[in-house]
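Peer 1: any chance you can model this:
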Amino acid sequence: MRLRTTLLPGLLAGALPLAGFAQTGAPAAFKPQLFVGLGAAVGSPQSPTAFAENILAPALTAGVQLRPRLAVQASAQYFQRKDSYFQPGLFYFNGGLHEGISSSTDQQRIVAVPVLVRYALTRRPEQRLQVDVLGGFTLARSTYRSKSTTVDSLQNVVYNSDNNYVNNNFYLDLGAGLRYRLGNHLALTGDLVFNFLVNQHPYNSTSSTAALGLRYRFGGS
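Peer 2: Residues are numbered from 1 along each chain as shown. Predicted coordinates for the structure are as follows:
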């Protein structure tokens with residue numbers, strides 16, 4: 001009986017540190033975290049924001065880090081350009097060639113919204129450099145307006161036109177990205193995404209978009 005009373009306090013004393021270690025050693029459950037980003041995107045010809053030439057467009061991003069290696073994000077990329085032309089010369093009107101002046105204005109607006117899933121290939125989230133695989137889709141809307149006017153030598157309008165075009169496209173996206181942690185909440189991001197046009201003819205249906213920016217993560221350490 002005396003032996004039992006002697007061993008019991010010793011066993012309790014040895015078990016308490018182990019219980020404390022088990023409680024403090026368990027990893028805390030991950031909580032989803034919001035993040036926002038600001039950057040610029042440039043596309044190859046026929047990409048969502050560059051239907052005819054390379055265009056640099058500002059990009060805003062918002063997303064949720066669902067797990068340490070899994071995130072979902074949506075971006076908005078916008079581009080606008082306006083060109084004006086003025087040309088005096090000979091123009092055909094009133095049954096013959098006459099001197100006149102032709103002026104025209106072309107305006108184009110493009111809005112692209114990529115929605116991407118990011119999955120980190122790097123197994124350790126605490127590493128500064130993370131490599132991601134990207135997949136998702138992009139919705140793009142392009143509006144184009146062309147106005148043209150021709151006047152004769154007396155400033156009488158002899159020709160006038162106003163044309164509007166709207167084009168909506170849907171792309172499937174696949175690519176890769178890099179994230180370099182600058183601090184607890186700030187990271188530098190770089191993505192390269194290939195865009196596969198779905199709703200048009202296969203000619204020029206594949207393009208690419210590169211984006212570079214900064215990302216700020218809310219919450220956590």
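
Peer 1: all contacts plus neighbour counts: C-alpha atoms, from now on.
Peer 2: Noted.

Peer 1: excluding chain neighbours, what is closest to the spatially most central residue of the chain?
Peer 2: To find the centre residue of the chain, average its C-alpha atoms and take the closest one (CA atoms, centre = their mean): that gives S75, at 4.1 Å. The shortest distance from S75 to any residue other than its chain neighbours is 4.2 Å, reached at T61 (CA to CA, 6 or more residues apart in numbering).

Peer 1: T209 now?
Peer 2: G43 (4.3 Å).

Peer 1: burial count for the one you found?
Peer 2: Burial measure for G43: 25 neighbouring residues, criterion other CA atoms under 10 Å.

Peer 1: again, but for A40
Peer 2: One way to gauge burial is a neighbour count; for A40, by other CA under 10 Å, it gives 17.

Peer 1: hmm, back to that, tell me the contacts of the residue nearest to S75?
Peer 2: With contact taken as CA atoms under 8 Å, 6 or more residues apart in numbering, T61 is in contact with 36-38, 73-76.

Peer 1: return the member of those nearest to L116.
Peer 2: Using CA to CA, Q73 is the member of the contacts of T61 that lies nearest L116, at 5.4 Å.

Peer 1: surely that closest one is in contact with L116?
Peer 2: Yes. Q73 lies in contact with L116 (CA atoms under 8 Å); the separation is 5.4 Å.

Peer 1: quickly find the element holding the nearest residue to S148 once chain neighbours are set aside.
Peer 2: Beyond its immediate neighbours in the sequence, the residue positioned closest to S148 (CA to CA, 6+ apart) is S104, lying 4.1 Å away. Taking DSSP states H and E as the criterion, the element that holds S104 is strand 96-120.

Peer 1: mind listing what's buried in that strand?
Peer 2: For strand 96-120, the buried set under the neighbour-count rule, 16 or more other CA atoms under 10 Å, comprises 100-102, 104, 106, 108-120.

Peer 1: so how far is that strand off the chain centroid?
Peer 2: Taking CA atoms, centre = their mean, to the nearest Å, one finds the center of strand 96-120 at 20 Å from the center of the full chain.
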